[in-house]
Structures are given as C-alpha cells and as structure tokens.
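Chemist: Fold the following.
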Amino acid sequence: MTKGTTFHAYIPIRFEPGNTSVMISQLLFGEEFTLKERSHNWLSISLDFDGTEGWVAKEFIKLREIENGEETVIDGPVCLASLPLSTILDLTLGQQRIIPAGAVWNSERNNSMFWYGHSFELLSGEGFITPGANNNLREIGKRLVSLPQLPGGRSGFGFDGPGLIQLLNRMMGKNIPRYCQQQVELGNTINFMTEVKEGDLAFFDNEESEIIHVGIILDDGNILHCDTCVSIDLLDHHGIYKNEQEKYTHKLRVIKRI
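Modeler: Presented below is the predicted three-dimensional model:
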C-alpha cells in the first residue's frame with residue numbers, strides 16, 4: 001500500500017488528471033491519502049479523512065510505502081489550524097511554510113512534528129486546536145468570516161459551502177462527508193425552529209428541490225455559512241436573510257442534528 005501527503009499549504013484534488021480539470025476538493029498540509037492509480041504526472045487518490053477520490057499532480061506529493069501489517073495511522077494527538085493562515089518552520093529545508101485553517105498537525109509533541117522525513121516546528125501554538133465538542137463554535141467561525149467563496153475549497157484560502165461546514169464539524173470532533181447531498185443524509189430532522197441548537201445543520205434547496213447549500217446554526221439562531229464569502233446571517237423558518245441586501249437569499253429545506 002502506498003500513502004501520500006503534501007508539504008504545500010494545499011493542492012487541488014481534480015475530477016480528472018489535468019490542470020484544466022475542475023477542482024472538486026483539496027488535499028491540505030498534514031493530511032494523508034491512499035494511492036489508487038498512476039497516470040503519467042498525475043496520481044489517483046482516496047483521501048483518508050473523508051474518502052474523496054480524485055487526481056493530484058505528482059510533483060507536489062510525498063509518498064511512503066506501508067508494509068503488510070505495519071501501522072498506517074500516525075500515532076499522537078491531531079490538532080487543526082483554526083486561523084485563516086499560520087506559519088510553521090520546515091527545519092529540514094530551513095524554510096517557512098504558510099498553512100491554512102484546516103491543516104492537520106500530527107505529533108506526539110505539540111510544538112514539533114516529524115512528517116514524511118521532514119522535521120517541522122510551530123512558530124506559535126496559537127490558532128491550533130484539538131478537535132472536540134468543548135470548542136467554541138462561534139469564536140472559531142468569527143476567525144473565518146470574510147474569507148472568500150471558492151468552488152472545491154475547504155481551507156483558509158477559501159471555502160465552498162459544504163467545505164466550510166465539514167471543517168467546522170471536524171473542529172468540533174465530528175467527521176462528516178464532503179458534499180451537501182451526503183451531509184443532508186446524516187442525523188435526525190429538527191421540525192421546529194424553536195427546537196434548534198447550536199451545531200445543527202441547515203440545508204437549503206432550489207426550485208427543483210435540489211439541496212444546494214448548507215450552514216451551521218449558532219446559539220443565537222444566526223447561521224454561519226459560505227455563499228459569496230464566509231458570513232454570519234439571520235436564519236428563520238423561511239431561510240437566510242441578509243440585512244445588507246434586505247432580502248432572503250436561500251430557502252430553508254430541512255434542519256438536521258448530527
């Protein structure tokens with residue numbers, strides 16, 4: 001079995017091998033994948049975290065072989081970068097590296113990590129959190145407000161709607177799938193707005209009843225989501241209301257609790 005990662009902040013996971021193919025997701029610093037297939041300068045992968053399958057450019061990848069019976073999981077606590085951007089040091093190359101919110105820090109020691117033959121060090125532990133239900137969802141979300149909408153994005157360089165919600169749930173200790181259509185199948189339906197709790201997911205549809213957007217509900221009934229950018233807006237039984245536009249922008253379909 002062949003595993004891989006990247007030392008870059010992120011690299012695109014594309015639908016097909018080729019730089020012009022659409023970016024369907026991202027491989028973030030510190031994440032691992034399982035290699036499925038090689039095609040010239042492209043690798044077909046399955047992302048270990050959520051099973052996303054696609055193609056990545058070989059030139060940005062580090063690989064390692066796993067022998068039969070060898071442990072494949074990195075031992076030690078996993079921390080996630082929660083600030084839009086953080087700086088770490090690659091001590092092996094003597095270089096600084098910028099990593100985004102969502103990057104993974106796998107280490108037995110919090111301030112240093114040995115990863116695919118390179119030694120890394122945190123310049124500051126600020127902005128790195130251990131996933132768990134006790135993390136403050138609103139405070140985490142406020143750090144990401146105004147980051148741009150990016151199709152296929154799931155990092156501090158930009159998000160799509162489900163990419164943001166996947167990351168926020170990961171920080172709260174819940175691993176959920178990558179796409180809206182998968183996320184809406186999870187959990188239990190909440191029938192009344194008076195019963196919602198912080199962390200519930202709100203899904204929105206179009207005129208054809210297709211789920212096209214998702215956000216996460218905050219403790220005051222507002223919603224944190226990514227449309228044109230990451231924002232906190234009003235939510236009621238009709239949908240998302242944006243004060244600056246003085247109108248509803250998304251029609252509520254269902255609320256789910258995971």
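Chemist: which residues of the stretch 101-250 of the chain score low on pLDDT?
Modeler: Applying pLDDT under 70 to the stretch 101-250 of the chain flags the ranges 108-109.
Chemist: Now do the contacts for the closest residue to Gly163 other than its chain neighbours.
Modeler: In this structure, Gly163 finds its nearest non-sequential neighbour in Arg154, 3.3 Å apart by C-beta to C-beta, 6 or more residues apart in numbering. Where C-beta positions appear, they are placed from N, C-alpha and C, glycine not excepted. Neighbour list for Arg154: 25-26, 28, 102, 160, 163-164, 166-167, 178 [criterion: C-beta atoms under 8 Å, 6 or more residues apart in numbering].
Chemist: Just the buried residues of stretch 93-113, please?
Modeler: Within stretch 93-113, the residues scored as buried using 16 or more other C-beta atoms under 10 Å are 97, 99-107, 113.
Chemist: what helices or strands is the strand or helix carrying Phe203 leaning on?
Modeler: Assigned by DSSP states H and E, Phe203 belongs to strand 201-205. Judged by 3 or more C-beta pairs under 8 Å, 6 or more residues apart in numbering; DSSP states H and E, the packing partners of strand 201-205 are helix 180-183, strand 211-217, strand 247-257.
Chemist: neighbours around the closest residue to His213 other than its chain neighbours, how many?
Modeler: Distances taken as C-beta to C-beta, 6+ apart place Phe204 nearest to His213, at 4.2 Å, with adjacent residues excluded. Number of residues near Phe204 (other C-beta atoms under 10 Å) recorded here: 22.
Chemist: just Ser82 next, same as before
Modeler: Counted with other C-beta under 10 Å, Ser82 comes out at 23.
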